[in-house]
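> compute the structure for the input listed below.
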Amino acid sequence: MPIRETYWNIPEWAITLLYVTNFLGVAILAARLYLRSRMWMQGEAAGGGPAEIKFDRLPERFKRVWDFALRQIGVARDSYAGIFHQATFLAFIALLIGTTLVFIETDFTRPLFDWRFLQGNFYLIFELVLDFFTVVGIFGLSLALLRRITPRPNKLTYSFGFAAMLWILLIDLLSGLGIETLRLAAVDPAWGMWSFAGFGLSRVLMSFDPSIEFLRNAHLAMWLFHISITATIYATFLDLPWKHIIYSPLNIFFSSFKEPGALALMDLEDETIETFGVGQVTDLSPFQLMDGDACTECGRCQAACPAFMAGTPLNPKQIVLDIRAAINQYEPDLIAMAQGSTVNGERPITREIISEEALWACTTCRACVHECPVLIEHVDSIVDMRRHLVLMEGDMPDLLANAMTNAERAGDPWGNQRGTRLDWTEGLDVPLLADKKKADVLYWVGCAGAYDPESQKVSRAMLQIFEAAGVDYALLGDEERCNCEWARRAGNEYLYQEASHSNIAVFDQYEFKTIVTHCPHCFNTFKNEYPQFGGNYEVIHHSTYISGLINQGRLQIKRGLNRQITYHDSCYLGRYNEVYDDPRDALRAIEGIQLIEMKRSRDTGLCCGGGGAQVWFETHQETPVNEIRVEEALETKAPTVAAACPFCTIMLGSAVQSTNVDDQVVIEDIALIVAQAL
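Below is the predicted model of the structure:
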């Protein structure tokens, strides 16, 4: 009967060596992991996030681990990487299960119950499956190594550590296959062909007619070499990139459940807080410190980052790696703190390790977060460091400081005179909530809609749509005040909170069912961030509202428009709030419109360059983000770029002018296009 002979040809001293090295390896690894986790816990979350590890919502957390760590849906977005990573992962999972079954039989069921289960047909299938996954693992690792030879994508990290990791894993599989090959050549069991890979190689080896003594000696030498590889893996586990095998699932498990569009709320009135924002490594939260260790250095965030494409100093991958570098640099202090000691001195990260130029280049588009296969939150860490610069040091770009001063004094970042928010309505009979007291819809015009000439056209188009659909609506008029969401992303939490309390107080004076706004930034703030202050409202973006009016038959499309249009996804509407179809549906409802997608669209859409307060100041860019996006739009040959965000309209319109392509393409909000079809 087919049966597994455990430790064939292995002397007692070698078996003892195996158990000792494995025990010591696991013990040392566990101790180092515990110490590292204690270092993470020294994070004080000065940016306002949670400072403690939570084990709430366990079913959802395990679901995330299943999806992102085991099924690897994030890794699979890159098909090539998905193939070799999944192949390697499944191979080692299968081999781990196989090794565990051998361990259980050898050390438990046989000595305790005199029971073998690795025998008969089960054993044959066992050998077949393990050989299959060994070949799969070799295939996967070969693809990974080949990728680092050609085409060598720029987003990857090319270091000794990654090369060593891949070669050690490949040698581990090959040496294991070599042990099986030598054993099958020496024993030649009748069922050997079930171990098809080792059996095939053993036939090749036997063609050279080796002696039994040679096969035994070579088998023992290969076995000792194989366990030395295992010992090497233990010894270097937290020093080579395969540490992500443990850190990444932990990061996925403990990742936040907050709304993507909501930054952590800071308690600015707590007089016991000595610092706001992240200036030192211990100001980071435990989760942000964990992010640093969990990074796989796959470079997907780097490849997706518009600021990196534009040639700015920002590389989101490097931000996370700099957090890791800070942990390592201040490791003695963090270990001492973890052991309960008081450690004086500073451990700076902002400026000294991560430059101001990199921090101010971020558009907060969330492309990096969306692409990360292990759920790292790059944007939150960047904003927390900006918070330190602004709140603790008063350090920010001059143009941004001017916009903040304008918003504080005049209620809008342009600094227009108070009492002029309704100038754009001249000649129009506009209902105000101050007069009506109640309405079904509060139309939030926003600063751009009130003061930017192009956005004013959108505001007028929205009034035309409301009237055509018979919507009971009203405006706040001069009671509107900039919600300063851009100031929050720029680090000025104080200005943002003051504006939030002011707006919520105004909202609560009136009765309405829904807030409709054509600004995704305002939409995101009201929907996802105002609940932090008790402001719970139904908030709908104008693209969703228009699409709904059309679907309900309340808004009649009477004219066709024979136009080719490419739609630009706003980051705060798309990646932040997953509104992709509604703007397209509204455009498709117009007969004659042909939608042509850009190469980067929907959840991979490229930022216009205006988010994260970038619209209010300038950063040096080799090729401006908005010009890159306009070039992508031109590639579609569509003469119209439809947008659904005033910042996008401003930034893309500026790029059209700066690149002198205004004779080839125009930028229009979807409300303007729909209004033309009424």
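
> distance check, the residue of the chain positioned farthest from its centre against Glu578.
Ranked by distance from the centre of the chain (CA atoms, centre = their mean), the top residue is Ser211, with 57.1 Å. Per CB to CB, to the nearest Å, Ser211 is found 68 Å from Glu578. Every C-beta, even on glycine, is put in place using the N, C-alpha and C of the backbone.

> go on, Ala14?
For Ala14, the distance to Glu578 - CB to CB - is 57 Å.

> ok, these two, which is more surrounded?
Under the neighbour definition other CB atoms under 10 Å, Ala14 and Glu578 were set side by side, and Ala14 has more, 14 against 11.

> end-to-end on stretch 107-119?
One end of stretch 107-119 to the other measures 16 Å (CA to CA, to the nearest Å).

> only the buried residues of it, if you could.
Residues Arg116, Leu118 are the ones in stretch 107-119 that count as buried (16 or more other CB atoms under 10 Å).

> right, and Ala310 touches Arg629 too?
No: with contacts counted by CB atoms under 8 Å, Ala310 stays clear of Arg629, the gap being 10.3 Å.

> and for those two, which residues touch both?
Common contact partners of Ala310 and Arg629 (CB atoms under 8 Å, 6 or more residues apart in numbering): Gly609.

> now Tyr496: how far from Asn524?
Separation of Tyr496 from Asn524 (CB to CB) stands at 13 Å.

> quick one: common contacting residues for the two?
Common neighbours of Tyr496 and Asn524, using CB under 8 Å, 6+ apart, are Glu485.

> how much space between the residue lying closest to Pro189 once chain neighbours are set aside and Asp131?
Once flanking residues are discounted, Pro189 sits nearest to Pro2: 7.4 Å by CB to CB, 6 or more residues apart in numbering. Look at Pro2 and Asp131: by CB to CB, they are 14 Å apart.

> for Val281, same thing?
Counting by CB to CB, the separation of Val281 from Asp131 is 47 Å.

> also Leu321?
For Leu321, the distance to Asp131 (CB to CB) stands at 38 Å.

> neighbour-wise, which of these two wins?
The neighbour count for Leu321 versus Asp131, taken as other CB under 10 Å, is higher for Asp131 (19 against 15).

> any idea which helix or strand carries that one?
Using DSSP states H and E, the element containing Asp131 is helix 120-147.

> quick check: mean pLDDT across that helix?
Averaged over helix 120-147, pLDDT sits at 95.

> and that helix, what does it pack against?
With contacts taken as 3 or more CB pairs under 8 Å, 6 or more residues apart in numbering; DSSP states H and E, helix 120-147 sits against helix 79-104, helix 160-187, helix 196-206.

> buried ones in that helix, by neighbour count?
Using 16+ other CB under 10 Å as the test for burial, helix 120-147 gives 123, 126-127, 130-131, 133-138, 140-141, 143-145, 147.

> pretty sure Ala439 belongs to a helix, no?
No: applying DSSP: H, G, I helix; E, B strand; the rest coil, one finds Ala439 to be strand, outside a helix.

> for it, which non-adjacent residue is spatially closest?
Here the nearest residue to Ala439 in space, its sequence neighbours aside, is Ala474; by CB to CB, 6+ apart that works out to 3.9 Å.

> surely the one you found meets Tyr443?
Yes: taking CB under 8 Å as the definition, Ala474 is a contact partner of Tyr443 at 7.1 Å.

> mind checking which of those two has more residues around it?
For the pair Ala474 and Tyr443, the greater number of neighbours falls to Tyr443 (27 against 22), based on other CB under 10 Å.

> which helix or strand contains that one?
Assessed by DSSP H and E, Tyr443 sits inside strand 438-444.

> check Cys362 too.
Cys362 belongs to no helix or strand when elements are defined using DSSP H and E.

> was I right about Glu127 contacting Trp194?
Yes: if you go by CB under 8 Å, Glu127 and Trp194 touch, sitting 4.7 Å apart.

> give the buried residues for stretch 178-193.
Across stretch 178-193, burial judged by 16+ other CB under 10 Å covers Gly178, Ile179, Glu180, Thr181, Leu182, Arg183, Leu184, Ala185, Ala186, Gly192, Met193.

> one more: stretch 552-568?
The neighbour-count check on stretch 552-568 (16+ other CB under 10 Å) flags Leu555, Leu561, Arg563, Ile565, Thr566, Tyr567, His568 as buried.

> same check, this time on stretch 217-237
218-220, 222-223, 226-227, 229-234, 236-237.

> got it, and stretch 329-337?
Counting neighbours by 16+ other CB under 10 Å, the buried set in stretch 329-337 is Gln329, Tyr330, Asp333, Leu334, Ile335, Met337.

> same deal with stretch 540-552?
Ile540, His541, His542, Ser543, Thr544, Tyr545, Ile546, Ser547, Gly548, Leu549, Ile550.

> phi, psi for the second one please.
According to degrees, to the nearest 10, the main-chain angles of His541 amount to phi -70, psi 150.

> hang on, it packs against Pro520?
Yes: using CB under 8 Å, His541 is in contact with Pro520, at 6.2 Å.

> tell me the pLDDT at Gly161?
pLDDT at Gly161 comes out at 89.

> could you find the closest non-adjacent residue to Glu529?
Leaving aside its chain neighbours, Glu529 sits nearest to Ala262 (5.0 Å; criterion: CB to CB, 6+ apart).

> in a strand, that neighbour, correct?
No: using three-state DSSP, the assignment for Ala262 is coil, not a strand.

> coming back round to it: between His541 and Pro520, what contacts are shared?
Shared contacts of His541 and Pro520, defined by CB under 8 Å, 6+ apart, are found at Leu573, Asn577, Ala644.

> ok, these vs Thr88, which is closest?
Taking CB to CB as the measure, Thr88 lies nearest Asn577 of those, at 35.5 Å.

> is it true that the closest one lies in a helix?
No: per three-state DSSP, Asn577 lies outside any helix segment and is coil.

> which stretches in the stretch 551-678 of the chain count as helices?
For the stretch 551-678 of the chain, the helices defined by DSSP state H, counting those that start in this stretch cover 581-588, 625-635, 646-658, 670-676.

> and the last one, what's buried?
Read that as helix 670-676. For helix 670-676, a neighbour-count test (16+ other CB under 10 Å) marks Ile670, Ala671, Leu672, Ile673, Val674, Ala675 as buried.

> which of the residues you listed sit farthest apart?
Farthest-apart pair in the buried residues of helix 670-676 is Ile670 and Ala675; separation 9.5 Å (CB to CB).

> so Phe117, which of the three states?
Secondary structure state of Phe117, per three-state DSSP, is coil.

> that one contacts Thr109, correct?
Yes: at 6.6 Å, Phe117 counts as touching Thr109 under the criterion of CB under 8 Å.

> any idea which element the nearest residue to Ser175 once chain neighbours are set aside lies in?
Nearest non-adjacent residue to Ser175, counting by CB to CB, 6+ apart: His226, 4.3 Å away. Using DSSP H and E, His226 sits within helix 212-236.

> quick check: what element follows that helix along the chain?
Helices and strands here follow DSSP H and E; after helix 212-236, the next one along the chain is helix 244-253.

> name the helices or strands packed onto the helix or strand following that following helix?
Remark: after helix 244-253, the chain's next helix or strand is helix 286-294, criterion DSSP H and E. Other elements packing on helix 286-294 under the criterion 3+ CB pairs under 8 Å, 6+ apart are helix 12-40, helix 244-253, helix 316-329, helix 378-387.

> show the average pLDDT along the last one.
In this model, helix 378-387 has an average pLDDT of 97.

> which residues sit against it?
Here helix 378-387 makes contact (CB under 8 Å, 6+ apart) with 46-49, 263-264, 266, 276-279, 283-284, 288, 291, 301, 316, 319-320, 323, 349-350, 354, 359-360, 362, 364, 366, 368-369, 372, 396, 488-491, 493.

> and the angle from it to helix 316-329?
For helix 378-387 against helix 316-329, the angle by axes from the mean of the first three to the mean of the last three CA atoms, to 10 degrees is 70 degrees.

> name the residue closest to the centre of this protein, please.
Judging by CA atoms, centre = their mean, the chain has its centre closest to Val369, at 1.9 Å.
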